[in-house]
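Student: Here is the input, now give the coordinates:
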Amino acid sequence: MIKKQTGIFEVGDKVQLTGPKGRINTIVLSKGGTFGTHRGDLRHDDIIGVPDGSVVTNQNGVEYLALKPLLNDFVLSMPRGAAIIYPKDAAQIIVSGDIFPGAVVVEAGVGSGALSLYLLRAIGESGELHSFERRSEFAEIAQGNVTSQMGTKPANWSV
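Tutor: Numbers count the residues shown, from 1 in each chain. A predicted model of the protein is given here:
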């Protein structure tokens with residue numbers, strides 16, 4: 001089962017907090033955790049249980065918009081071992097390659113997993129993605145990134 005990208009915030013979810021001046025910080029929610037800034041602390045427990053898109057307030061009354069990060073946000077900030085395929089390039093690959101829900105796709109060179117994430121979204125749960133990588137350290141980074149974003153390693157993905 002793939003982790004839902006919207007809904008109620010739970011322990012372990014990534015949250016993108018946008019502060020009053022537009023600065024964006026991404027945190028992972030933990031029971032009893034805090035996000036500290038020079039404007040005061042925001043308790044993770046105040047975010048857990050509220051819907052995606054809520055405005056939450058820290059101890060000093062400063063408001064933050066709490067959103068689940070988009071795939072593009074995750075890809076641009078994820079750990080890298082190799083260069084990533086950027087969102088606009090991934091879109092071109094998916095369109096030019098005629099990749100659709102249910103397609104069987106072979107990916108040569110998994111890198112950091114950015115293109116894998118976009119391909120998995122394009123093919124859906126009914127498709128298959130077979131990724132190949134010569135360097136084991138890149139394969140490990142990619143698997144970690146995909147699992148981190150999707151909540152689990154997709155059953156329809158082999159590396």
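
Student: What are the buried residues along stretch 39-50?
Tutor: For stretch 39-50, burial by neighbour count (16 or more other C-beta atoms under 10 Å) applies to 42, 44, 46, 47, 48. Just so you know, the C-beta spots here come from the backbone N, C-alpha and C atoms, and that holds for glycine as well.

Student: do stretch 60-76 as well
Tutor: Residues of stretch 60-76 classed as buried by neighbour count (16+ other C-beta under 10 Å): 64, 66, 67, 68, 69, 71, 73, 74, 75.

Student: The worst-scoring helix or strand of the chain on mean pLDDT: what's the following helix or strand?
Tutor: Each helix and strand of the chain was given a mean pLDDT (mean pLDDT, DSSP states H and E); the minimum falls on helix 71-77 at a mean of 87. Per DSSP states H and E, the first helix or strand lying C-terminal to helix 71-77 is helix 87-96.

Student: for that next one, packing partners?
Tutor: On a contact count with 3 or more C-beta pairs under 8 Å, 6 or more residues apart in numbering; DSSP states H and E, helix 87-96 meets helix 71-77, helix 114-123.

Student: And those helices: which comes nearest residue 21?
Tutor: Nearest to residue 21, of all those, is helix 71-77, at 18.1 Å by C-beta to C-beta.

Student: hey, C-alpha coordinates of that closest one in CSV?
Tutor: Coordinates of each C-alpha in helix 71-77 appear next as CSV, following Å, rounded to 0.1, in the frame of the first residue of the first chain:
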residue,chain,number,x,y,z
LEU,A,71,6.8,15.0,-5.1
ASN,A,72,8.8,17.9,-6.7
ASP,A,73,9.7,19.3,-3.3
PHE,A,74,10.9,15.9,-2.1
VAL,A,75,12.9,15.2,-5.3
LEU,A,76,14.7,18.6,-5.1
SER,A,77,15.7,18.1,-1.5
